[in-house]
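Visitor: quick one: sequence plus predicted model below, questions after.
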Number of protein chains: 2
Amino acid sequence: MTLKIAIAEDNSFLAKAVIEKLSFFNDLDFKFKGNNGAELIGKLEVNHNIDVILMDIQMPEMDGITATEIVKSKYPHIKIIMLTVFDDDENIFNAIKAGANGYLLKEIDAENLHKCILEVINGGAPMTPSIALKTLNLLRNPLIIDNSEEVEKIKLTNRETDILEHLSKGLNYNEIADNLIISPSTVRKHIENIYKKLQVHNKMEAVLIAQKHKLI
Amino acid sequence: MTLKIAIAEDNSFLAKAVIEKLSFFNDLDFKFKGNNGAELIGKLEVNHNIDVILMDIQMPEMDGITATEIVKSKYPHIKIIMLTVFDDDENIFNAIKAGANGYLLKEIDAENLHKCILEVINGGAPMTPSIALKTLNLLRNPLIIDNSEEVEKIKLTNRETDILEHLSKGLNYNEIADNLIISPSTVRKHIENIYKKLQVHNKMEAVLIAQKHKLI
DNA sequence: TAAAAAATAAGGCATTTGTCGTATTGATTA
DNA sequence: TAATCAATACGACAAATGCCTTATTTTTTA
């Protein structure tokens, strides 16, 4: 069984180098690359049959942290390994918070990269030693590390997410209906369904739970 | 003439270290310490013949930012130097807003601390270089210094803030009433007043605006 | 101490929301 | 192709909310 890999990387030389590293192993199948976070997400929209994403951090249009957040909320099954030159606390912490599964520095050699990809697929959290040290330090600092594990991923439809976002802005049923050009009845029905999925009974709770689960 | 110093610090080891630093100089007279902001204010109530307060930020019961606000309003003559491990924008900005006269990091050595205390007494604004840099950046970035400034500070009473916090948790009128042990009618009236102050017309908007203005 | 602000409480009424049930249509999937 | 899902839409009813008025008691401030 081969693992399907996607890459987000703005520097085409580095991207090429990474792809070449991957090509040495026939259990790794490079699928596509995005030149920035947004592009990657756009391509995932078309094909999200991907096992692992190698994600750069600093990219134009959309950085890797933001992209990780979005990918993780939309496709929780995809493993994400940050592959970057930045090893500062801020980035590490944000990447972890965004849901990254691993954090590697770009100097990594092909052999190790291969090993780390396998490791992340097996539920591990591969990272280079220096990063591992920093993560420990971050953990010692009781900053808020959100452990919203895969307790039970709540799945909302696109329309439900739309409506939830409008709800969270403080709009009422009629305003939402106007915005989405559907009838208030439909808005009500959607909200009813959202409440059932989130197991809540009013707007505020719905928004709170949705934010907690990063659904909006 | 000796300067009278008070300290607010929850970690007794750190407090001890600071007091020892002060003891090296005979123009500094350590008066008392509070284990948190509230305690300090309590002790100031008894004796506010103090020139400088060295204030920690993160403390139980009452944090240093809140304490600074209160001390500054009750005893404007007292100079306050934040002495903390936190150098994030948020804290720096809030401390400044609260009226802090200086902002130092805890690693500071005795000599420097002494110098900074004299500096603040002479109307200066002592801060460690890294903090000074961040303050500059904060000033450059006008997005953080938003409308919550002198535009027109919305003032909620304590009770209104209580209720708003409950609202933001998704509780309904009866639940809030139960929690605060008041009648639902009173809760309604408070919420009505909150809406008027924030110029909103429902819970969600109230919470959104309150968060934007950091009222909760 | 007098005045102002804050906290408490109730009644009434229109509007909005939460929860049912039911139903049609197009798209996706097994 | 049959079944399921997603999106659309209405009606009805109870509960909750928003908005107005009035009023008493504490607490704070001038």
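Guide: Thanks, I have the structure now. None of these values were measured; they are calculated from a predicted model.
Visitor: I'd like the distance between the residue of chain A found nearest DNA strand D and DNA strand C.
Guide: Among the residues of chain A, A:T157 lies closest to DNA strand D, at 2.7 Å counting by Cβ to the nearest atom of the strand. C-betas here are computed from N, CA, C, even on glycine. A:T157 sits 11 Å away from DNA strand C, going by Cβ to the nearest atom of the strand, to the nearest Å.
Visitor: which residues touch that residue?
Guide: By Cβ atoms under 8 Å, 6 or more residues apart in numbering or on different chains, no residues touch A:T157.
Visitor: how near is it to A:I163?
Guide: In this view, A:T157 and A:I163 are 9 Å apart by Cβ to Cβ, to the nearest Å.
Visitor: before we move on, what about A:A67?
Guide: In terms of Cβ to Cβ, A:A67 sits 25 Å off from A:I163.
Visitor: try A:N172
Guide: Plainly put, A:N172 is 12 Å away from A:I163 if you go by Cβ to Cβ.
Visitor: of those two, who's got more company?
Guide: Per other Cβ atoms under 10 Å in any protein chain shown, whichever of A:N172 and A:I163 has more neighbours is A:I163, with 28 against 16.
Visitor: distance from the chain centre to whichever helix or strand that one is part of, please.
Guide: For A:I163, the element it lies in under DSSP states H and E is helix A:158-168. Its chain's C-alpha centre and that of helix A:158-168 lie 19 Å apart, by Cα atoms, centre = their mean, to the nearest Å.
Visitor: helices or strands next to the next helix or strand after that helix in the packing?
Guide: Counting by DSSP H and E, the element after helix A:158-168 in chain order, helix or strand, is helix A:173-180. Counting contacts by 3 or more Cβ pairs under 8 Å, 6 or more residues apart in numbering or on different chains; DSSP states H and E, helix A:173-180 is packed against helix A:158-168, helix A:184-198.
Visitor: tell me the most buried of these?
Guide: helix A:158-168 (a mean of 18; mean count of other Cβ atoms under 10 Å in any protein chain shown).
Visitor: so what does that helix touch, helix or strand wise?
Guide: Helix A:158-168 packs on helix A:173-180, helix A:184-198, helix A:203-212, going by 3+ Cβ pairs under 8 Å, 6+ apart.
Visitor: tilt between that helix and helix A:173-180?
Guide: 130 degrees (axes from the mean of the first three to the mean of the last three Cα atoms, to 10 degrees).
Visitor: other residues contacting helix A:158-168?
Guide: A:156, A:175-176, A:179-180, A:187, A:190-191, A:193-194, A:197, A:203, A:206-207, A:210-211, A:215-216, B:204.
Visitor: now do that helix against helix B:203-212, angle only.
Guide: 70 degrees.
Visitor: what's the angle from helix A:158-168 to helix A:184-198?
Guide: With the same axes, to 10 degrees applied, the angle from helix A:158-168 to helix A:184-198 works out at 100 degrees.
Visitor: please put the alpha-carbon coordinates of helix A:158-168 into PDB.
Guide: Extracted in PDB, the C-alpha atoms of helix A:158-168 (Å, rounded to 0.1, in the frame of the first residue of the first chain):
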ATOM      1  CA  ASN A 158     -21.700  23.100   4.000                       C
ATOM      2  CA  ARG A 159     -25.000  24.900   4.300                       C
ATOM      3  CA  GLU A 160     -25.100  24.200   8.000                       C
ATOM      4  CA  THR A 161     -21.700  25.700   8.400                       C
ATOM      5  CA  ASP A 162     -22.800  28.800   6.400                       C
ATOM      6  CA  ILE A 163     -25.700  29.200   8.700                       C
ATOM      7  CA  LEU A 164     -23.800  28.700  11.900                       C
ATOM      8  CA  GLU A 165     -21.400  31.400  10.800                       C
ATOM      9  CA  HIS A 166     -24.200  33.800  10.200                       C
ATOM     10  CA  LEU A 167     -25.700  32.800  13.600                       C
ATOM     11  CA  SER A 168     -22.400  33.600  15.300                       C
END
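Visitor: now do that helix, average pLDDT.
Guide: Model confidence over helix A:158-168, given as mean pLDDT, is 85.
Visitor: pretty sure A:K21 contacts A:K115?
Guide: No: A:K21 is beyond contact range of A:K115, at 11.7 Å (criterion: Cβ atoms under 8 Å).
Visitor: show me which of these two is the more surrounded one.
Guide: Under the neighbour definition other Cβ under 10 Å, A:K21 and A:K115 were set side by side, and A:K21 has more, 19 against 14.
Visitor: find the nearest non-adjacent residue to the more buried one, please.
Guide: Nearest non-adjacent residue to A:K21, counting by Cβ to Cβ, 6 or more residues apart in numbering or on different chains: A:A110, 3.9 Å away.
Visitor: got a pLDDT number for that neighbour?
Guide: You'll see A:A110 listed with a pLDDT of 91.
Visitor: for it, give me its contacts.
Guide: A:K21, A:L22, A:F24, A:F25 are the contacts of A:A110 under Cβ under 8 Å, 6+ apart.
Visitor: all helices in chain A, in order from the N-terminus.
Guide: Taking DSSP state H as the test, the helices found in chain A are A:12-23, A:37-46, A:64-74, A:89-98, A:110-121, A:129-140, A:158-168, A:173-180, A:184-198, A:203-212.
Visitor: ok, how many other residues are close to A:M1?
Guide: A:M1, neighbours per other Cβ under 10 Å, totals 6.
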